[in-house]
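Q: next input, structure requested:
(one chain, ligands or ions: 3)
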Amino acid sequence: MWSLAVASPHPAAAFAFAAGHPLRHRPSAASDRDANSQRWRWERIRACSYGSSLRIRHLPGRLYGDVSKNNLTPVTVEQAEASAQLPKGDMWSVHKFGGTCMGTSQRIQNVADIILRDPSERKLVVVSAMSKVTDMMYNLVNKAQSRDDSYIAALDEVFEKHMAAAKDLLGGEDLARFLSQLHADVSNLKAMLRAICIAGHATESFSDFVVGHGELWSAQMLSFAIKKSGTPCSWMDTREVLVVNPTGSNQVDPDYIESEKRLEKWFARRPADTIIATGFIATTPEDIPTTLKRDGSDFSAAIIGSLVKAGQVTIWTDVDGVFSADPRKVSEAVILSTLSYQEAWEMSYFGANVLHPRTIIPVMKYNIPIVIRNMFDISAPGTMICQQPANESDDLEACVKAFATIDKLALVNVEGTGMAGVPGTASAIFGAVKDVGANVIMISQASSEHSVCFAVPEKEVAAVSAALHVRFREALSAGRLSKVEVIHNCSILAAVGLKMASTPGVSATLFDALAKANINVRAIAQGCSEYNITVVLKQEDCVRALRAAHSRFFLSKTTLAVGIIGPGLIGRTLLNQLKDQAAVLKENMNIDLRVMGITGSRNMVLSDTGIDLTQWKEQLKTEAEQADLNKFVHHLSENQLFPNRVLVDCTADTSVASHYYDWLKKGIHVITPNKKANSGPLDRYLKLRTLQRASYTHYFYEATVGAGLPIISTLRGLLETGDKILRIEGIFSGTLSYIFNNFEGTRTFSDVVSEAKEAGYTEPDPRDDLSGTDVARKVIILARESGLRLELSDIPVRSLVPEALRSCSTADEYMQKLPSFDQDWARELKDAEAAGEVLRYVGVVDVVNKEGQVELRRYKKDHPFAQLSGSDNIIAFTTSRYKEQPLIVRGPGAGAEVTAGGVFSDILRLASYLGAPS
Ligand SMILES: NC(=O)c1ccc[n+]([C@@H]2O[C@H](COP(=O)([O-])OP(=O)(O)OC[C@H]3O[C@@H](n4cnc5c(N)ncnc54)[C@H](O)[C@@H]3O)[C@@H](O)[C@H]2O)c1
Ligand SMILES: N[C@@H](CCO)C(=O)O
Ligand code: NA
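A: Ligands and ions are numbered 1, 2, ... in the order given. Just a heads-up that it's a prediction; the model follows:
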């Protein structure tokens, strides 16, 4: 019965909607032309099917598609057209063009072309005034009312604008006729405005009469433009047919019966197959000019559509259709190919610029589809608003059609024990709200009846609060009510979808997404129709909330905004790995990692959308600003575009580590190879872990022990499954492992230390390794992870830094002086070898005795600890389950690539916790 075009500019083949399919789209005249050529080929089309509901992302052109169950069956364009049910010959095709579409003479000509291409036999086109004209007309009235003579010049401007457009568009007799009408109208208006000026007042009907001229002129111009091509065309002054009754609060009710009678009379007098009708204007039953108020032209089109029982009403505008969320806030928002009537009006109630809900009512009665299309991109398929499309998918994702937000709200909370079980409290509250004329946007009351909260526009809240204080003065002073409280700066996020009804898990998914983005929910409402879940949150969180929810339901990419602190050896290796892997993550895992900032100790670079990882080194040299950690963190956390933020600390700095608590509190995830936080003061560590366990914010530190080796995760796995850790023993230092694996008498001890430093195994200051501090920190980390409450100072450590070198002020000085101790080391090695033993530096977590040790020990040459090479770590877990034979993890435990890899895998773990496929 109705149809809509969706075609690619170059299709070699096209896909037809199944006959009778609710999404059948009819090719437009442009695609008819295209369809005759076989040269066309498909371009990249990314369409994902949610059952029968086609969501088209970034269509380069148009397509014909059978969207039933992912099954796109190629057919030729001719077949597609043959099987498409075009509107029946006698059915009206109604179009509406808004002010922007009618903005210039060229655009009016384009509108004419679109109309002429519509193959329907009968076409009724509703138009708005040229853009800005309605405002200009209201301005005339305002000026005249306030006795400002400049209304005369302003009227001249209106005249000039229309004359210029008409001269561009028309010629000959048509132009002369239009201009003489324009002249006559303008001189009438001049007289009327003069009268208003003298009276200093305009009644509503005077004002409506003046303002409505914009539509009269645009309709006439368009009708002449169509006639120019030889197509018979009439124009309709809708004040002759559309009868409406004012209902107060700036609304009107159409009188369908009377309007239908008048329409029949109009047709009897002026039969025509193409009619251009004025939008916005109408008449009262007493024949006084009036208007349909806000969005009036859409309403005109819907009323007329229902009067003529149109096959379809097409609303032409300047956007591609209805998006799943405001595309200015959610760049991955998709155009919805269909929306049910209910969904469309839920969306409009919730701030989405779809269609005014009243526009939907007239056409809904007759199941007339409304199609929203972009006049500036007629290849875009648009959105069809119709009855609930049949056999939609039951996927959770398909249940939520779209998200809408409303800003600038305040919550009012009326609370007190005296409300419970007292009939009439709600009536008293909302009676007071009504008395000040405020509009209530959502209401929520929990079943304890202890409080009622509701949202009103911020600009109305002062009056509401004052009225409630007056109304409940007594109850407040008697203590029956404890407070009437206002919470400012709120926004609403609403998830809309007909299929949310009776589908479990939708709200859980929504709230999970919000929780993971660390967004606090102030109030919730869901009516039992279940079409809509409304969440009230802080206005500043709203865009992030919208993005977090949208990405969860629409399976768009899990986007992680990353801040890298410390682009030293590990930091820069990680940046390299991120660069190399970014495309694969995007393509295969739907993860979009954006490095929003990199800070060293002196300089930092920040970006709003993500740093180009092939350029960051140059940028840090040339475009950097002075490092400022607060500013850096603020930049990351204030970015509204990315709901999920993570700071990756690749320093060895204690002061950086001291911020983790605050960052986690702000909802910023933290990932680090830096051991300082977990091996620092016990109370701080415990505070950090407690916070992290109680929040949805993650703190991962796998690379602090054994670099990329799965040490922490293995230990966690044992503990979480109920195993009991008895002892963890191992070689935890890559540096010391390397040194003792390679110090075999052929090279001096100091040479081997230099090699380890060169290879990137050592801490920024190698004394941290040789003093045993680094190993002690790892022992502490594992001990605390196993439940022991130890401080670093509780661990006895055998330091390998000679007494005389402990006072060296720099690492370089230490390295320079180290060779003077080579003799001592040679002796120690010789002694061990004489006994058939090797030297190994080990750490022990003795969980049974609640203690830790760090020592240089000798092992027989056949001991597993003697078999290592390179920077290998080996860690043996002795547990209740692994008692006879310990569970052993072994492999390189230091070095840039493996450490950065460990950090990277923590980042991916975070992404998967946040919803990315894993
Ligand atoms: N090298 C390894 O094999 C290895 C293995 C596991 C863990 N780690 C850990 O990784 C971390 C980094 O080690 P690395 O070898 O890359 O050291 P590095 O010295 O090469 O890098 C550290 C970087 O952090 C910067 N920095 C220091 N303080 C800073 C501050 N306050 N703000 C911003 N930047 C600051 C430094 O300028 C330097 O660029 C350390 O915590 C280390 O313990 C290293
Ligand atoms: N310096 C450390 C790096 C790994 O934490 C080591 O040598 O083991
Ligand atoms: Na590890």
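Q: excluding sequence neighbours, find me the nearest residue to Ile711.
A: Leaving aside its chain neighbours, Ile711 sits nearest to Val705 (4.4 Å; criterion: CB to CB, 6 or more residues apart in numbering). For glycine as for every other residue, the C-beta is placed from the backbone atoms N, C-alpha and C.
Q: pull the contacting residues for that neighbour.
A: Taking CB atoms under 8 Å, 6 or more residues apart in numbering, we find Val705 in contact with Lys675, Ile711, Ile712, Phe732, Lys778, Ile781, Leu782, Ile875.
Q: and the gap between Ile907 and Lys190?
A: 71 Å (CB to CB, to the nearest Å).
Q: what does Asp113 give?
A: Noted for Asp113: a distance of 35 Å to Lys190, by CB to CB.
Q: repeat that for Gly836.
A: Distance, Gly836 to Lys190, using CB to CB: 116 Å.
Q: between these two, point out the one with more neighbours.
A: A direct count of neighbours by other CB atoms under 10 Å for Gly836 and Lys190 places Lys190 higher, at 17 against 10.
Q: a helix runs through the more buried one, doesn't it?
A: Yes: under DSSP: H, G, I helix; E, B strand; the rest coil, Lys190 sits within a helix.
Q: once you drop chain neighbours, what's closest to it?
A: That would be Leu155: by CB to CB, 6+ apart, it lies 6.2 Å from Lys190.
Q: pretty sure the one you found sits against Met192.
A: No: counting by CB atoms under 8 Å, Leu155 does not reach Met192; the two are 10.3 Å apart.
Q: can you pick the most crowded of the contacts of Val705?
A: Phe732 (30 neighbours).
Q: what does the chain have sitting close to ligand 3?
A: Glu702, Gly706, Leu709, Ile711 (CB under 5 Å from the ion).
Q: narrow these to those that are buried.
A: The neighbour-count test (16 or more other CB atoms under 10 Å) applied to the residues of the chain next to ligand 3 identifies Glu702, Gly706, Leu709, Ile711 as buried.
Q: how about these in CSV, adding pLDDT?
A: Formatted as CSV, those follow (pLDDT from 0 to 100):
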residue, pLDDT
Glu702, 98
Gly706, 97
Leu709, 97
Ile711, 98
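Q: who's in contact with stretch 425-436?
A: Applying CB under 8 Å, 6+ apart, the external contacts of stretch 425-436 come out as 414, 419, 440, 445, 449, 452, 454, 456, 460, 463-464, 466-468, 470-472.
Q: again, only using 7 Å
A: Contacting residues not belonging to stretch 425-436 are listed as Val414, Met419, Val440, Val452, Ala463, Val464, Ala467, Leu468, Arg471 [CB atoms under 7 Å, 6 or more residues apart in numbering].
Q: list the buried ones in that stretch?
A: Neighbour-count burial for stretch 425-436 flags Thr425, Ala426, Ala428, Ile429, Ala432, Val433 (criterion: 16+ other CB under 10 Å).
Q: can you name the residue of the stretch 501-650 of the chain nearest ligand 3?
A: Residue nearest to ligand 3 within the stretch 501-650 of the chain: Ile570 (12.7 Å; CB to the ion).
Q: for that residue, which non-adjacent residue is spatially closest?
A: Spatial nearest neighbour of Ile570, chain neighbours left out: Cys650 (4.7 Å); criterion: CB to CB, 6+ apart.
Q: same deal with Pro886?
A: Ala876 (3.9 Å).
Q: now that neighbour: how far from ligand 2?
A: Ala876 sits 17 Å away from ligand 2, going by CB to the nearest ligand atom, to the nearest Å.
Q: which strand residues bridge that residue?
A: Ala876 forms beta bridges with Glu729, Ile888, as assigned by DSSP bridges.
Q: show me what contacts Tyr138?
A: Here Tyr138 is in contact with Val211 (CB under 7 Å, 6+ apart).
Q: nope, Glu785 is what I meant
A: The contact partners of Glu785, by CB under 7 Å, 6+ apart, come to Ile712, Leu715.
Q: redo that, cut-off 8 Å
A: Glu785 neighbours (CB under 8 Å, 6+ apart): Ile712, Leu715, Arg716, Leu719.
Q: now that we have these, which one has the most neighbours?
A: Leu715 leads the contacts of Glu785 on contacts (other CB under 10 Å) with 24 neighbours.
Q: against Gly722, how distant is that one?
A: As for Leu715, its distance to Gly722 is 13 Å (criterion: CB to CB).
Q: over to Pro892?
A: Relative to Gly722, Pro892 is positioned 31 Å away (criterion: CB to CB).
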